[in-house]
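J.: quick one, structure for this:
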Amino acid sequence: MSVNYATGLSEYASKGKCGLPETFDDDETVESKIQQLVDMVKACQHLVVHTGAGISTSAGIPDFRGPKGVWTLEEKGETPKIDITFESARPTKTHMALVALENAGIVKYVISQNVDGLHVRSGLPVNRLSEPHGNMFVQTCDKCHTKYINNKCSPTMGLKPTGEQCRQQKARGVCRGRLHDAILDWEDALPDHDLTLADKHSAKADLSLCLGTSLQIIPCGNLPLGARKNGGKLVIVNLQTTKHDKKCDLKINTYIDRVICGLCEKLGIIIPEFEKPVVNLKSIHTVKSEKRCPKIIVDDALRDQKRDIKDVKIKLEKESTTPANNSEEKSQQPIAAKTESHCDQILDKKGIKMEDDDSAKFDSNSSQNNTSDNSLITNNMSNPQPDTPFINSTSKTISVNNSLTSNTTMSTPNNCILFEKCDKTLDEPAAKVQKLIEG
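T.: So this is what the prediction gives:
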């Protein structure tokens, strides 16, 4: 919990202003301000959301500087009573609304000072999120820098060794580097990757929306001002006064869930219900030119199987539209779908690893040659015969024309996987694929 997190940090004299009074706008004022926010959101091109501990209080996680915050009570010699853990905490309406708003292409990026991991566990794409202060569920290898997103909290804080080793596969075995937690202590430097992206999107923003943060901790507290420098708007939703209230264009004093739910309702955005923790690594709006994230390994319990299946279907649909001839396309689609899993099983039995190569394409204009029952199955052939089965390594599906060939000699790149049959006896994998095609 935030209590354990706070006590795990080293002693630090200046923790900001704690225990400031909370102020509530009346209902009519709140509705008017929500409409102003809606108008700003509709007019902006690059909305960046900055979140703090205030968005997680409705999940049962106390904040730090509120009237009942961890550090506020600490100053009084008291300890907050908590009956929830980070693992059992559920994302709030605000967390789930941000997922929906990002999916709709409205929210471009989220920068969070929280370490509770609720943004990641809610399904917000990892490549649309910066967590400069860390995440309780993340461990990082000190050797290859692979990130592990786990279903349990790290046993340590302050970038210390957790006692576990990196399992990332390398060319010569396993990395075996030491894993460290990703939780920053007071004097620790912010992670370069998160800070770089946070700076980039803050500078690009024409609307900064601050939710549940007093903006006292720098540099994160100053990032929202990037929108103002661009001639954009700054909106703050918080019950207490913040460091930048005088610089903002709109300040809403009420509960964050109310504001965000009202925003989504007026925009026609449906907020999904939280079912279970799910990690989503990549936004559907990701473009090829974006900087790649560090290698990330996700706990099996957190993988989104429905999304994985959806992605596979999308790849299969894209593959099925590759041939130019519509009649060929219809004949190839069911075979490709039918043989996908069987081909994977065949390759696995042979201990063969598929190489990723986006350059594999089908040349529908190449000459046809139906002269023999000899067959070739290749991966990433630069110019395969149209009647020859081949494997596209990116989607791992097999595209097959109506018959098998050929006697023609074909050159193959170094990363191709090639099976050949003898004059009379088919090699096992080729035989199975041919049997599937004929059946």
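
J.: list the buried residues of stretch 223-241.
T.: 223-228, 230, 232-241 (16 or more other C-beta atoms under 10 Å). Where C-beta positions appear, they are placed from N, C-alpha and C, glycine not excepted.

J.: may I have the phi/psi pair for the closest residue in space to residue 47 that isn't next to it in sequence?
T.: Spatial nearest neighbour of residue 47, excluding adjacent residues (C-beta to C-beta, 6 or more residues apart in numbering): residue 207 at 4.8 Å. With angles defined as degrees, to the nearest 10, residue 207 sits at phi -150, psi 120.

J.: thought residue 207 was touching residue 42?
T.: No: Residue 207 is beyond contact range of residue 42, at 10.2 Å (criterion: C-beta atoms under 8 Å).

J.: what about the two, which has more around it?
T.: Neighbours were counted for residue 207 and for residue 42 using other C-beta atoms under 10 Å; residue 207 has more, 24 against 10.

J.: which pLDDT value goes with the more buried one?
T.: Looking at residue 207, its pLDDT stands at 97.

J.: distance of it relative to residue 63?
T.: Taking C-beta to C-beta, to the nearest Å as the measure, residue 207 and residue 63 are separated by 24 Å.

J.: what's the answer for residue 159, then?
T.: For residue 159, the distance to residue 63 - C-beta to C-beta - is 24 Å.

J.: so between those two, which is more surrounded?
T.: residue 63 (26 against 17).

J.: what about that one, helix or strand, and which?
T.: Here residue 63 is covered by no helix or strand, with elements defined by DSSP states H and E.

J.: list the contacts of the residue nearest to it when sequence neighbours are not counted.
T.: Among residues not flanking residue 63 along the chain, residue 53 sits closest, at 3.8 Å (C-beta to C-beta, 6+ apart). The contact partners of residue 53, taken as C-beta atoms under 8 Å, 6 or more residues apart in numbering, are 2, 61, 62, 63, 64, 66, 69, 113, 114, 212, 213.

J.: make it 10 Å
T.: Listed by C-beta atoms under 10 Å, 6 or more residues apart in numbering, the contact partners of residue 53 are 2, 61-66, 69-70, 112-116, 212-214.

J.: for residue 115, same thing?
T.: 2, 5, 53, 86, 131, 133-138, 153, 157, 181-184.

J.: how about the helices in the stretch 51-200 of the chain?
T.: If DSSP state H, counting those that start in this stretch is used as the criterion, the helices of the stretch 51-200 of the chain fall at 70-75, 93-103, 118-122, 192-204.

J.: who does the second one touch, helix- and strand-wise?
T.: Right, helix 93-103. Judged by 3 or more C-beta pairs under 10 Å, 6 or more residues apart in numbering; DSSP states H and E, the packing partners of helix 93-103 are strand 47-51, strand 107-112, helix 118-122, strand 207-211, helix 256-267.

J.: cool, the shortest one as well?
T.: The helices and strands touching helix 118-122, judged by 3+ C-beta pairs under 10 Å, 6+ apart, are strand 47-51, helix 93-103, strand 107-112, strand 129-130.

J.: torsion angles phi and psi at the residue lying closest to residue 188 once chain neighbours are set aside?
T.: Spatial nearest neighbour of residue 188, excluding adjacent residues (C-beta to C-beta, 6+ apart): residue 159 at 5.9 Å. Reported as degrees, to the nearest 10, the phi and psi values for residue 159 are phi 60, psi 40.

J.: for residue 159, give its distance to residue 184.
T.: Going from residue 159 to residue 184 by C-beta to C-beta gives 7 Å.

J.: pull up the overlap in contacts between these two.
T.: 134, 191.

J.: for residue 267, find the nearest of the helices and strands packed on helix 118-122.
T.: Closest approach to residue 267 among the helices and strands packed on helix 118-122 (C-beta to C-beta): helix 93-103, 8.0 Å.

J.: got the angle for the closest one vs helix 256-267?
T.: Per axes from the mean of the first three to the mean of the last three C-alpha atoms, to 10 degrees, the angle that helix 93-103 makes with helix 256-267 is 30 degrees.

J.: now helix 93-103: mean pLDDT?
T.: Averaged across helix 93-103, pLDDT comes to 97.

J.: and for stretch 193-204?
T.: 94.

J.: so for it, what gets flagged as buried?
T.: Within stretch 193-204, the residues that count as buried by 16+ other C-beta under 10 Å are 194, 195, 197, 198, 201, 202, 204.

J.: next, count neighbours for the closest residue to residue 254 other than its chain neighbours.
T.: Excluding its sequence neighbours, the residue lying closest to residue 254 (C-beta to C-beta, 6+ apart) is residue 30, at 5.0 Å. Residues within reach of residue 30, counting by other C-beta under 10 Å, total 18.

J.: worst-scoring helix or strand of this protein, pLDDT-wise?
T.: strand 419-420 (a mean of 36; mean pLDDT, DSSP states H and E).

J.: so what's the nearest residue to residue 52 once chain neighbours are set aside up against?
T.: Nearest residue to residue 52 in three dimensions, chain neighbours excluded: residue 213, at 2.6 Å (C-beta to C-beta, 6+ apart). Applying C-beta under 10 Å, 6+ apart, one finds that residue 213 lies in contact with 50-55, 63, 65, 111-114, 220-221, 224, 236-238, 240, 242-243.
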